[in-house]
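Participant: Sequence below, structure please.
(chains A and B)
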Amino acid sequence: MIRTLLSRALSLILSLVVASVVIFVMLQAVPGDPAAFMLGLNAQPDTVAALRAELGLEGSLPARYLDWVSGMVVGDFGTSYTYRVPVSGLVADRIGVSGPLAAYALLLTVVLAIPAGLIAASMRGRAADWGVMGATQLGIAIPNFWFAMLLVFVFAITLKWVSAGGFPGWSDPVAAIKALTLPAVALALPQASILARVLRGALIDTLDQDYIRTARAKGLSRRAVTVRHALRNAAIPVLTILGLQFSFLLAGAIIIENVFFLPGLGRLIFQGITQRDLIVVQSVTMLLVFAVIAVTFLVELAYTLADPRLRRR
Amino acid sequence: MTGSRLSVAGVVGGGLTALCLLAAALSLIWVPHDITVLTIADRLLPMSATHLLGTDHFGRDMLSMLMEGARTSIAVALVAVGIGLGLGIPLGLAAAAHRGGWLDEIIMRGNDLIFAFPSLVIAILITAVFGPSAVNAILAIGIFNIPVFARVARGGALPLWTLDYVMAARVAGKGRFLISLQHILPNITNLLIVQATIQFSLGILAEAALSYIGLGAQPPTPSWGRMLADAQTLIYTEPQLAILPGLAIVGMVLGLNLLGDALRDALDPRLQRRRA
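Facilitator: Numbering: from 1, shown residues only, chains lettered A, B, ... in the order given. Reported below is the predicted structural model:
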């Protein structure tokens, strides 16, 4: 048990180190000098040199890498080239949008997928099953940003129920949640479709087991068997997929935030790219990768703890 | 009854896929109207006999745009699948041939690592760093196909290595490389074909997303994602410009997914038994 945990933790740290090296090296390959870019065409060479030093662009590659990583560990993400403010401050502002958006989308995913999966599995082969399977097949094929555009067209432009984009801030929580609703729905649709299909498959697998037949023979109702026995055993594949989906939600949010002009982390990365604000891109990407790797680790940990059979491996 | 319905889905999927592939292939030699000619007088025409799907805000024929867009999207996704197959299969076969050895360990840990990255984030990063272009979009999507195929190839190959005829080949003195090539690979093609269909459809979606945010194929090359981006500002008045390319993406992806499911059911005897 302890050994399993230790080896998992070790591979977590290793993944993070390799990920940080990859991201760092990749962004060093970007052509152009950020300092020269910031100061414009007429800058004096010594001004550029001074700014390079200020931005931490001088020094050997390994030294700069260590500088960046050790900064990240204590929450110092560097200074934005464009805004001249700490990246950590920008990130803190934007997490207030991206975090709730991802959580909202995840919630919708679960709320939509669990009933759909349950219905499909317990009505296997019947009309309701075919309906759910058809709808989820379509849900997977629809690009979320296109779905977002359709939602804007129907609910914002035609029906005028919500605004087409932007974020009013959390001072008015109702307006804030309203502004996040269409983006969350757009993000949740494909994920809910995938989850519903996984849940259906897992439930069908467990419903075919002998102990389910025993439980039925003892006189438990179909419903009780499905909820009490099958749903619990389907938890592992569902948890695994949910962990993976977090990664898709983060990445999907980059695009969805751009559709709805939401000031989140995705927009921050995107602005960083267009403004050549590479330290922002580097640090925010690392943060997203960290979030994904950490969530995957926690999910694995959760089901190792939940399932006694996995503990000894 | 179940079997016939599934094959209906397979036929629909195959039909949709074939339609998109044919449209893309046809666009190489013929499109209804030349899309490099901008006729502003013909802008935003409704559907008619001359312009079956109407025209866009530059007066370009939408059907022709969709056909050429299909070519870009399909080419990007297809080459990305090729990268995954070309590098992933050898890696997966090598890992299986040296099961438990250091090579297996390195390959599989490398796979886990790529899986740990949010693929679209890194794809965005790659295209952003090396400049937006169709080639960089292919690379960005293709890299993430490698571990997928490596895993499928390894997973399919491992049980084969324990079979008697492989043992016999080893005893006869055949090397691991030749066994992988002559005995293992032909027996995992089914798995690889199914996975390739799935990755193809994911590639179409990824390409659409990248070109939608301006990091894929560059104008004037049309692509479905690019067309959606152009349509976004016009959605208030001309929703059909956004609806048509979206439907094309959904049709292609849906077709590939249905086809992939049908192929898996048809090629995997274990699933057939369970379905019956």
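Participant: what's the helix or strand for the residue lying closest to residue B:267 once chain neighbours are set aside?
Facilitator: The shortest distance from residue B:267 to any residue other than its chain neighbours is 4.0 Å, reached at residue B:190 (C-beta to C-beta, 6 or more residues apart in numbering or on different chains). For the C-beta atoms, the positions are set from N, CA and C on the backbone; glycine is no exception. Residue B:190 belongs to helix B:185-212 when elements are defined using DSSP states H and E.
Participant: quick check: mean pLDDT across that helix?
Facilitator: The predicted model assigns helix B:185-212 a mean pLDDT of 91.
Participant: Do I have it right that the residue nearest to residue B:267 meets residue B:260?
Facilitator: No: counting by C-beta atoms under 8 Å, residue B:190 stays clear of residue B:260, with 11.9 Å between them.
Participant: Who has more neighbours out of the two?
Facilitator: The residue with more neighbours, out of residue B:190 and residue B:260 and counting by other C-beta atoms under 10 Å in any protein chain shown, is residue B:260; that gives 22 against 16.
Participant: Kindly state the pLDDT recorded for the more buried one?
Facilitator: What the model reports for residue B:260 is a pLDDT of 89.
Participant: Is it in contact with residue B:201, as I believe?
Facilitator: Yes: counting by C-beta under 8 Å, residue B:201 is a contact partner of residue B:260 at 7.0 Å.
Participant: Give me the common contacts of these two.
Facilitator: Shared contacts of residue B:260 and residue B:201 (C-beta atoms under 8 Å, 6 or more residues apart in numbering or on different chains): none.
Participant: Stretch B:200-209 near chain A anywhere?
Facilitator: Yes: figure legend: stretch B:200-209 in contact with chain A (C-beta under 8 Å from any C-beta of the partner chain); contacting residues B:201, B:205, B:208-209.
Participant: Can I get those residues in CSV including neighbour count?
Facilitator: Putting these into CSV (neighbours: other C-beta atoms under 10 Å in any protein chain shown) gives the following:
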residue, neighbour count
B:201, 25
B:205, 27
B:208, 31
B:209, 27
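Participant: Tell me which residues touch the spatially most central residue of chain B, please.
Facilitator: The structure's chain B has its C-alpha centroid closest to residue B:200; by C-alpha atoms, centre = their mean the separation is 1.5 Å. Shown here is residue B:200, whose contacts under the criterion C-beta under 8 Å, 6+ apart are B:77-78, B:81, B:256.
Participant: just the residues you listed now: which is nearest residue B:178?
Facilitator: Proximity of the contacts of residue B:200 to residue B:178, judged by C-beta to C-beta, is greatest for residue B:81, which lies at 26.3 Å.
Participant: Could you tell me how far residue B:160 is located from residue B:169?
Facilitator: 11 Å (C-beta to C-beta, to the nearest Å).
Participant: shared neighbours of those two, anything?
Facilitator: Between them, residue B:160 and residue B:169 have residue B:183 as joint contacts when contacts are counted by C-beta under 8 Å, 6+ apart.
Participant: Pick out the most distant pair among the residues of stretch B:200-209 next to chain A.
Facilitator: By the measure C-beta to C-beta, the residues of stretch B:200-209 next to chain A have their two most distant members at B:201 and B:209, which lie 13.1 Å apart.
Participant: that older thread, any chance of the contacts of residue B:200 in JSON lines, plus pLDDT and neighbour count?
Facilitator: JSON lines is the format used below for the contacts of residue B:200 (pLDDT from 0 to 100; neighbours: other C-beta atoms under 10 Å in any protein chain shown):
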{"residue": "B:77", "pLDDT": "93", "neighbour count": "28"}
{"residue": "B:78", "pLDDT": "94", "neighbour count": "17"}
{"residue": "B:81", "pLDDT": "96", "neighbour count": "26"}
{"residue": "B:256", "pLDDT": "93", "neighbour count": "27"}
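Participant: which of those residues lies closest to residue A:208?
Facilitator: The nearest member of the contacts of residue B:200 to residue A:208, counting by C-beta to C-beta, is residue B:256 at 29.3 Å.
Participant: mind listing what that closest one touches?
Facilitator: Contacts of residue B:256 were listed using C-beta under 8 Å, 6+ apart, and they are B:13, B:16-17, B:197-198, B:200-201, B:204.
Participant: what secondary structure does it sit in?
Facilitator: For residue B:256, the assignment made with DSSP: H, G, I helix; E, B strand; the rest coil gives helix.
Participant: Also the one 10 residues further on?
Facilitator: Counting by three-state DSSP, the backbone at residue B:266 sits in helix.
Participant: Near chain A, which residues of the stretch 151-276 of chain B are found?
Facilitator: Counting by C-beta under 8 Å from any C-beta, the stretch 151-276 of chain B sits next to chain A at B:201, B:205, B:208-209, B:212-213, B:225, B:228, B:231-232, B:235-236, B:239, B:242-243, B:246, B:249-250, B:253-254, B:257-258.
Participant: Recalculate using a threshold of 10 Å.
Facilitator: With the criterion set to C-beta under 10 Å from any C-beta of the partner chain, the stretch 151-276 of chain B comes near chain A through B:201-202, B:204-206, B:208-210, B:212-215, B:224-225, B:228-229, B:231-232, B:235-237, B:239, B:242-243, B:245-247, B:249-258, B:261, B:274-275.
Participant: still on that earlier bit, give me the distance between the residue nearest to the centre of chain B and residue B:260.
Facilitator: According to C-beta to C-beta, residue B:200 and residue B:260 sit 8 Å apart.
Participant: Which residues are in contact with each of those two?
Facilitator: Common neighbours of residue B:200 and residue B:260, using C-beta atoms under 10 Å, 6 or more residues apart in numbering or on different chains, are residue B:17.
Participant: Model confidence for residue B:20, exactly?
Facilitator: Listed pLDDT for residue B:20 reads 89.
Participant: Secondary structure element holding it?
Facilitator: Residue B:20 belongs to helix B:2-29 when assigned by DSSP H and E.
Participant: After that helix, heading C-terminal, what element do we hit next?
Facilitator: Counting by DSSP H and E, the element that comes right after helix B:2-29 along the chain is helix B:62-97.
Participant: Give me the buried positions along that following helix.
Facilitator: Neighbour-count burial for helix B:62-97 flags B:62-81, B:83-85, B:87-97 (criterion: 16 or more other C-beta atoms under 10 Å in any protein chain shown).
Participant: Could I get the contacting residues of the residue nearest to residue B:13 when sequence neighbours are not counted?
Facilitator: Closest residue to residue B:13 in three dimensions, ignoring its sequence neighbours and counting by C-beta to C-beta, 6+ apart: residue B:258, at 2.7 Å. Shown in contact with residue B:258 (C-beta under 10 Å, 6+ apart): A:137, A:141, B:6, B:8-17, B:197, B:201.
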